[in-house]
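Participant: Would you be able to build a 3D model of this:
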Amino acid sequence: MRLETICGLYRAAETAAVSFGHDRRGAITPFLLAIFLGLVLITGLGIDLARHESARAALQDALDRGVLSAAQSTDNPVITVRSFVEERQITGDTGFARVDVKATDTRDGRYRVAARAEDEVDTIFARMLGIDRVPVVVEAVASEARPKLELALALDISSSMGGDAGLAPLRAATAEFSEEMLRAAGGRETTITLVPFAGSVNPGYKMFRALGGFQAHEISFCLDLPSGDFSRFGLPAARDYAQVPAFMAWPRAGRIRLGDAGTGWCPGNPEYDYLDPISGQAMGYLVGLRSGREKVMTKGAVIAPHASDMEVIERRLAAMRQHHGTSPQEGLKWALAMLDPATRPMLEAQKAILGDRPGRPLPLDRPNGAKVVVMVTDGRISEAVRPDWDIDGRRSLLDKGPHLLDRMVIRNARGYLLEQCRIAAEQGIDLYIVGVSLPGRAISTYRHCLGDHADSRLLLTDRQGLSSAYRYIRRRLTDLRLER
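Facilitator: Numbers count the residues shown, from 1 in each chain. This is a model prediction of the structure:
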């Protein structure tokens, strides 16, 4: 009986086991549970990976911006890069990243900043696999060309250039550009020459006399250049020049701000300018105190050769006043002359160089060097008029009329300008022209001037866009780039 009972129980258990093995009811539950757990794990790992990528992208962006900033700055590159990295938003609570920075000067004249940053991101779901933190490692390299630049800025200070705002936009944009270029030089050999021009260019008394100028008055010292000087590279070479008279060809426009209003065809010297005590308007030059006019102390616009000190540049920019006439051919002529190595003996003899860079201008073919002229003008080339009386230092001409004699028609002035453009290209001097609200005919003239480079070096803007135009030129000259 017991044996039969045991055998029955065994058969029953065997039957139940076989039946359970063939029973498919409820089999999907463990399968779904396994899939669900797998999906949770994969989703969690995806979240961890997304957080890691977000942290990596933020760190990479901060490091890229840091090396770009360091490459164009004279500040300590380590401090500059770390400041960008520390300001980023960090995913996780691991604190600041570890940053290694290396700055080097390359043989081709570039300043190279390489950086590596390491951080860690806390995990959420990967902890189940024993991974508490995931490392984040990024690298970035930026470089900027730092050639030995000699920049000459030919600045139009004519009455039409200023407009309602006077010369304030030109001064501000030029100062910003100059500061950026000197800072980008990193203490190297970059210099900036300012060549303000209106109807003429004032090289200053010493250079006026050294070049053979005959002095008829003491108000300004512009040489009356003949046509032959515009077909040559370098300083005026005739050795015998008349002085541009101190006169005004047209009445002073009422829209010109008084604080920016100089007088005369030639930009005046710092100690001379006159105001009518009744109207308060700048009326014209007179030698000596005559006709009840009051002599006032102002500042003039004289060539500033090879400055490397920002304070000097700012003082010279602040000294500029608007004057009569627009002669870009003269501005370009003198700007190119200030980059001619043959000008060096005269500048050294007169101790005219305003910076601490000796031996300027340097040779045209020196390695890792560049000479660049940037001309800013509204392009309205005016006829170069002169009074038809002999200047005796005692007369002032206030109105255009039968007393004026045209000495250079606009057609000839354009020809002289184009000849200077040809000389610049021939000498390997890069020329950029910033056209401020240029009329259509002037655009055609300047495109002809720049030839194949017109699309990249003729920048058309208005007075408010001068800073943007200068920034474009700066990028072209320094070639700042992110290498990786």
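Participant: tell me which element residue 432 is part of?
Facilitator: Here residue 432, judged by DSSP states H and E, is contained in strand 430-436.
Participant: Just the CA atoms of that strand, as CSV, please.
Facilitator: What follows is strand 430-436, C-alpha atoms only, in CSV (Å, rounded to 0.1, in the frame of the first residue of the first chain):
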residue,chain,number,x,y,z
ASP,A,430,48.5,96.3,-49.1
LEU,A,431,45.8,99.0,-49.5
TYR,A,432,42.4,98.9,-47.8
ILE,A,433,39.8,101.6,-48.5
VAL,A,434,36.9,102.3,-46.2
GLY,A,435,34.3,104.2,-48.1
VAL,A,436,32.0,106.2,-46.0
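Participant: in its sheet, what does that strand sit against?
Facilitator: Strand 430-436 pairs in its sheet with strand 369-377 (parallel), strand 458-461 (parallel), by DSSP bridges.
Participant: Reformat those into a markdown table and put mean pLDDT, distance to residue 209 and mean neighbour count next to each item.
Facilitator: Quick note: C-beta positions are derived from backbone N, CA and C, even for glycine. Putting the strands paired with strand 430-436 into a markdown table (pLDDT from 0 to 100; distance: least, C-beta to C-beta, whole Å; neighbours: other C-beta atoms under 10 Å) gives the following:
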| stretch | mean pLDDT | distance to residue 209 | mean neighbour count |
| --- | --- | --- | --- |
| strand 369-377 | 91 | 26 | 23 |
| strand 458-461 | 93 | 37 | 18 |
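Participant: Can I take it that residue 315 is in a strand?
Facilitator: No: assigned with DSSP: H, G, I helix; E, B strand; the rest coil, residue 315 falls outside any strand and is helix.
Participant: I'd like the strands paired with strand 430-436 laid out as TSV, including distance to residue 190.
Facilitator: Conversion of the strands paired with strand 430-436 to TSV gives the following (distance: least, C-beta to C-beta, whole Å):
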stretch	distance to residue 190
strand 369-377	10
strand 458-461	21
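Participant: Mind checking these for the one nearest to residue 412?
Facilitator: Each of these has some distance to residue 412 by C-beta to C-beta; the shortest is strand 369-377, at 17.6 Å.
Participant: got a list of contacts for that closest one?
Facilitator: 147-156, 161, 170, 174, 326, 328, 331-332, 335-336, 339, 361-364, 424, 427-436, 466, 470, 473, 477 (C-beta atoms under 8 Å, 6 or more residues apart in numbering).
Participant: Among the strands paired with strand 430-436, which comes closest to residue 42?
Facilitator: Comparison of those against residue 42 by C-beta to C-beta identifies strand 458-461 as nearest, at 54.9 Å.
Participant: The helix or strand bottoming out on mean pLDDT in the chain: what's the following helix or strand?
Facilitator: Taking mean pLDDT, DSSP states H and E as the measure, the helix or strand of the chain with the lowest value is strand 294-295, at a mean of 38. Scanning forward in sequence from strand 294-295 by DSSP H and E, the next helix or strand is strand 304-307.
Participant: what residues does the strand holding residue 432 touch?
Facilitator: Outside strand 430-436, the residues within contact range by C-beta under 8 Å, 6+ apart are 156, 161, 332, 370-379, 421, 424-425, 442-443, 446, 449-450, 453, 457-463, 466, 469-470, 473, 476.
Participant: Tell me the buried residues within the contacts of strand 369-377.
Facilitator: If you count burial by 16 or more other C-beta atoms under 10 Å, the buried members of those come out as 147-156, 161, 170, 174, 326, 328, 331-332, 335-336, 339, 361-362, 424, 429-436, 466, 470, 473, 477.
Participant: Go through the residues you listed and flag which are in helices.
Facilitator: In helices, judged by DSSP state H, the following of the buried ones among the contacts of strand 369-377 are found: 161, 170, 174, 328, 331-332, 335-336, 424, 466, 470, 473, 477.
Participant: Tell me the pLDDT of the closest residue to residue 189 other than its chain neighbours.
Facilitator: Of all residues not flanking residue 189 in the chain, residue 148 sits nearest, at 4.1 Å (C-beta to C-beta, 6 or more residues apart in numbering). With respect to pLDDT, residue 148 has a value of 77.
Participant: Just list whatever residues bridge to residue 148.
Facilitator: Going by DSSP bridges, residue 148 is paired in beta bridges with residue 369.
Participant: Kindly provide the distance from it to residue 371.
Facilitator: Distance of residue 148 to residue 371, computed by C-beta to C-beta, to the nearest Å: 10 Å.
Participant: One more: residue 451?
Facilitator: Taking C-beta to C-beta as the criterion, residue 451 is separated from residue 371 by 18 Å.
Participant: ok, residue 313 - contacts?
Facilitator: When contacts are counted by C-beta under 8 Å, 6+ apart, residue 313 touches 175, 178, 192, 194, 304, 307.
Participant: what residue ranges in the stretch 351-484 of the chain score low on pLDDT?
Facilitator: 352-356, 368, 385-411, 484 (pLDDT under 70).
Participant: Please enumerate the strands of it.
Facilitator: Counting by DSSP state E, counting those that start in this stretch, the segments of the stretch 351-484 of the chain that form strands are 369-377, 384-387, 404-408, 430-436, 458-461, 481-482.
Participant: between those strands, which one is nearest to residue 237?
Facilitator: If you check each of the strands of the stretch 351-484 of the chain against residue 237 by C-beta to C-beta, strand 404-408 wins as the nearest, at 18.8 Å.
Participant: Model confidence for residue 22, exactly?
Facilitator: Value listed for residue 22 in the pLDDT field: 60.
Participant: same check, this time on the one 10 residues further on
Facilitator: Note on residue 32: pLDDT of 64.
Participant: Likewise for residue 310?
Facilitator: Taken from the predicted model, the pLDDT recorded for residue 310 is 88.
Participant: Repeat that for the one 4 residues further on.
Facilitator: At residue 314, the predicted lDDT confidence score is 90.
Participant: Name the nearest residue to it, ignoring sequence neighbours.
Facilitator: In this structure, residue 314 finds its nearest non-sequential neighbour in residue 175, 5.6 Å apart by C-beta to C-beta, 6+ apart.
Participant: which residues sit in contact with residue 240?
Facilitator: 212, 214.
Participant: ok, now with 10 Å
Facilitator: Contacts of residue 240 were listed using C-beta atoms under 10 Å, 6 or more residues apart in numbering, and they are 211, 212, 213, 214, 226.
Participant: what's the answer for residue 197, then?
Facilitator: For residue 197, the contacting residues are 154-158, 161, 222, 266-267, 301, 303, 323, 325-335, 375, 377, by C-beta under 10 Å, 6+ apart.
Participant: again, but for residue 135
Facilitator: Residue 135 touches 52, 56, 118, 119, 120, 121, counting by C-beta under 10 Å, 6+ apart.
Participant: quick one: which of the residues you listed is nearest residue 357?
Facilitator: Distance ranking of these against residue 357, using C-beta to C-beta, places residue 118 first at 41.7 Å.
Participant: how about that closest one, secondary structure?
Facilitator: In the three-state summary, residue 118 is assigned as strand, counting by three-state DSSP.
Participant: That one bridge partners, please.
Facilitator: When bridges are assigned using DSSP bridges, the partners listed for residue 118 are residue 98, residue 137.
Participant: pLDDT wise, what is the residue nearest to residue 314 at?
Facilitator: What the model reports as pLDDT for residue 175 is 94.
Participant: Just give me the closest of the ones in helices among the buried ones among the contacts of strand 369-377 to residue 100.
Facilitator: The nearest one, if we look at those relative to residue 100 and count by C-beta to C-beta, is residue 477, at 30.1 Å.
Participant: Verify the stated contact: the closest one with residue 192.
Facilitator: No: contact criterion C-beta atoms under 10 Å: residue 477 and residue 192 do not qualify, at 11.9 Å.
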